[in-house]
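Just a sequence and a predicted model for now, questions to come.
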Amino acid sequence: MMTEDLKVRFLRLAIIEQKKYDEIGEILKITKKDISRYWEDLKEEREHLSNIRKIWKVKYNNPETTETFWDFKKWYDSVERKCYYCGITETEIEQLWKKEQTKNKALTERNRGKKLEIERLSPKEPYHKIDNLVLSCYWCNNAKTDTFTAEEFKEIGETIGKIWKKRLTE
């Protein structure tokens, strides 16, 4: 029987620290058979952690910061899944993509626009400051650049949000 503590330790070693099976077995004092079973049993949690880890490694990971992956995960799991500026949700973005109302060649080639992105409220601040992070749709994130403050762009975002709402009902 896998305890909650063992589950957390296994996921940390396997996904966050990316240890090999032999290392995990040695640290946790479990067999390769147990590791294989845990790997399967924890598939959903593994995939979730792995996706967050990818984002963290690209945007957030900074050896000079005291924040950890777990701080970032806590923020990422708790933040509302809508654009800070225009209010579009991930579900609505998916609906617009299905209706082909957001696609363009550049987005398709770069694989952007299908999910909310991490945006810095103040572009001069680093990504590792959690209180500087919000979720933003590709279009708001791309248009805001570092020209507008977050508050200035909120007004522009409201107009973009109205356009999305209209397209969702067409």
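Sure thing, it's come through. Treat the numbers as computed from the prediction; the structure is a model and nothing was measured.

where does the protein dip in pLDDT?
Applying pLDDT under 70 to the chain flags residues 60-67, 101-110.

Tell me where it has helices.
Counting by DSSP state H, the chain has these helices, from start to end: 4-11, 21-28, 32-41, 43-55, 69-78, 90-98, 105-110, 138-144, 150-169.

CSV for those helices, including mean neighbour count and distance to Ile130?
C-beta coordinates here come from the backbone N, C-alpha and C atoms, glycine included. CSV is the format used below for the helices of the chain (neighbours: other CB atoms under 10 Å; distance: least, CB to CB, whole Å):
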stretch, mean neighbour count, distance to Ile130
helix 4-11, 14, 21
helix 21-28, 15, 29
helix 32-41, 14, 30
helix 43-55, 14, 13
helix 69-78, 15, 5
helix 90-98, 15, 20
helix 105-110, 10, 26
helix 138-144, 20, 17
helix 150-169, 14, 15
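
Tell me the spacing between the closest residue to Ala150 other than its chain neighbours and Arg81.
Spatial nearest neighbour of Ala150, excluding adjacent residues (CB to CB, 6 or more residues apart in numbering): Leu121 at 4.2 Å. Taking CB to CB, to the nearest Å as the measure, Leu121 and Arg81 are separated by 17 Å.

which one of these two has more residues nearby?
Leu121 (17 against 12; other CB atoms under 10 Å).

For Thr149, give its distance to Glu100.
When Thr149 is compared with Glu100 (using CB to CB), they lie 33 Å apart.

Mind checking which of these two has more residues around it?
Applying other CB under 10 Å to Thr149 and Glu100 shows that Thr149 carries more neighbours, namely 12 against 7.

Contact partners for the more buried one?
Neighbouring residues of Thr149 by CB atoms under 8 Å, 6 or more residues apart in numbering: Ser122.

So it versus Ile35, what's the distance?
49 Å.

Glu80 too?
From Glu80 to Ile35 the distance is 36 Å (CB to CB).

what's the answer for Lys129, then?
36 Å.

next one: Ile130
Distance of Ile130 to Ile35, given as CB to CB: 32 Å.

now swap in Asn132 and tell me
From Asn132 to Ile35 the distance is 38 Å (CB to CB).

same question, Ser50
Taking CB to CB, one finds Ser50 at 16 Å from Ile35.

Trp56 too?
According to CB to CB, Trp56 and Ile35 sit 24 Å apart.

Please apply the same query to Leu116.
34 Å.

pretty sure Glu119 is touching Asn132, no?
No: using CB atoms under 8 Å, Glu119 is not in contact with Asn132, being 9.3 Å away.
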